[in-house]
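[1] curious how this folds, go ahead:
(2 chains)
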Amino acid sequence: AQTVTQSQPEMSVQEAETVTLSCTYDTSESDYYLFWYKQPPSRQMILVIRQEAYKQQNATENRFSVNFQKAAKSFSLKISDSQLGDAAMYFCAYRSARRDDKIIFGKGTRLHILP
Amino acid sequence: NAGVTQTPKFQVLKTGQSMTLQCAQDMNHEYMSWYRQDPGMGLRLIHYSVGAGITDQGEVPNGYNVSRSTTEDFPLRLLSAAPSQTSVYFCASSLARAPNGYTFGSGTRLTVV
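    Here you go, the predicted model:
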């Protein structure tokens, strides 16, 4: 069974600095998708970024980028120029490329932004 | 488009009571699922459905029932509420093709006393 591990329950970063959240996963499949979701205090789940495993190029979305290491089964999220609005819980997630497969979430990393 | 609509947003139940959490989506998504979120546990899958008439169990299905009579609706039933079911519940949907992540509802905070 696939698993997703986020080893940092909490992290803090100074405003305007860069922070990296770690995520590792375990799978025997070669075709899959990885996601980072953000959950601010409002509780809403927001998709931040996604990565297709068959793509070697790391995905980027404005200040958010990933470091996808397929062989190491690592999928870290880098937030540049951290802003107060980035304070949230961040979840890493995995989904097999099979049609009917479910998304598996890690336990989350709570990110604090220090002014 | 409304996206994924969950009702109610908050609910307090007494132990032993039953209730249904409603979830509806208007995006013609085949895939719908229910998760519960507990502190330190992340999101755990309760039940999911890949289309009307098809449902399957997730990681923590005990004490919950689901049905999928239409593409749009996927209600979650608590048969006899227990304090261990106190949690935040999320409904989510997606197209069947995996590249898409989920669209989430706004969540239901349920307290069982």
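[2] close to chain A: what parts of chain B are there?
    Within chain B, the positions near chain A by Cβ under 8 Å from any Cβ of the partner chain are B:31, B:33, B:35, B:40-45, B:48, B:50, B:58, B:88, B:90, B:92, B:94, B:96-99, B:101-102, B:104, B:106-107. Placement of C-beta: from N, CA and C, glycine included.
[3] got a PyMOL select line for the buried ones in those?
    Those of those that count as buried under 16 or more other Cβ atoms under 10 Å in any protein chain shown are selected in PyMOL with:
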select buried, chain B and resi 31+33+35+42+43+44+45+48+50+58+90+92+94+98+101+102+104+106+107
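[4] among the residues of chain B next to chain A, name the ones in strands.
    Mapping the residues of chain B next to chain A onto strands (DSSP state E) picks out B:31, B:33, B:35, B:42-45, B:48, B:50, B:88, B:90, B:92, B:94, B:104.
[5] A:Ala72: which of the residues you listed is nearest?
    Set against A:Ala72, the nearest of these by Cβ to Cβ is B:Gly42 (21.6 Å).
[6] quick one: low-confidence parts of the chain?
    With no chain named, the answer covers chain A. Applying pLDDT under 70 to chain A flags the ranges A:99-100.
[7] chain B, not that one
    For chain B (pLDDT under 70), the answer is B:1, B:97-98.
[8] quickly check the ones in strands among the residues of chain B next to chain A for the two that are furthest apart.
    Farthest pair in those, by Cβ to Cβ: B:Val50 and B:Val88, 24.2 Å.
[9] what about A:Met11, neighbour count?
    A:Met11 has 15 neighbouring residues, counting by other Cβ atoms under 10 Å in any protein chain shown.
[10] so it makes contact with A:Arg110?
    Yes. Counting by Cβ atoms under 8 Å, A:Arg110 is a contact partner of A:Met11 at 7.4 Å.
[11] OK, contacts around the most centrally placed residue in chain A?
    By Cα atoms, centre = their mean, chain A has its centre lying nearest to A:Trp36, at 3.3 Å. Neighbouring residues of A:Trp36 by Cβ atoms under 8 Å, 6 or more residues apart in numbering or on different chains: A:21, A:23, A:47-50, A:64, A:66, A:75, A:77, A:90-93.
[12] could you redo the last one with a cut-off of 6 Å?
    When contacts are counted by Cβ atoms under 6 Å, 6 or more residues apart in numbering or on different chains, A:Trp36 touches A:48-49, A:77, A:92.
[13] just the buried subset of those, please.
    A:48-49, A:77, A:92.
[14] and these as a markdown table, adding secondary structure?
    Listed next are these as a markdown table, based on DSSP: H, G, I helix; E, B strand; the rest coil:
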| residue | secondary structure |
| --- | --- |
| A:Val48 | strand |
| A:Ile49 | strand |
| A:Leu77 | strand |
| A:Cys92 | strand |
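[15] closest to B:Glu72 among the residues you listed?
    The nearest member of these to B:Glu72, counting by Cβ to Cβ, is A:Val48 at 27.0 Å.
[16] what's opposite the residue lying closest to that closest one once chain neighbours are set aside in the beta bridge?
    What sits nearest to A:Val48 in space, not counting adjacent residues and going by Cβ to Cβ, 6 or more residues apart in numbering or on different chains, is A:Trp36, at 4.5 Å. Beta-bridge partners for A:Trp36, by DSSP bridges, are A:Ile49, A:Cys92.
[17] could you do B:Phe10 as well?
    B:Phe10 forms beta bridges with B:Arg109, as assigned by DSSP bridges.
[18] show me what contacts the nearest residue to A:Met45 once chain neighbours are set aside?
    Distances taken as Cβ to Cβ, 6+ apart place B:Phe104 nearest to A:Met45, at 3.8 Å, with adjacent residues excluded. Listed by Cβ under 6 Å, 6+ apart, the contact set of B:Phe104 reads A:45, B:90, B:92.
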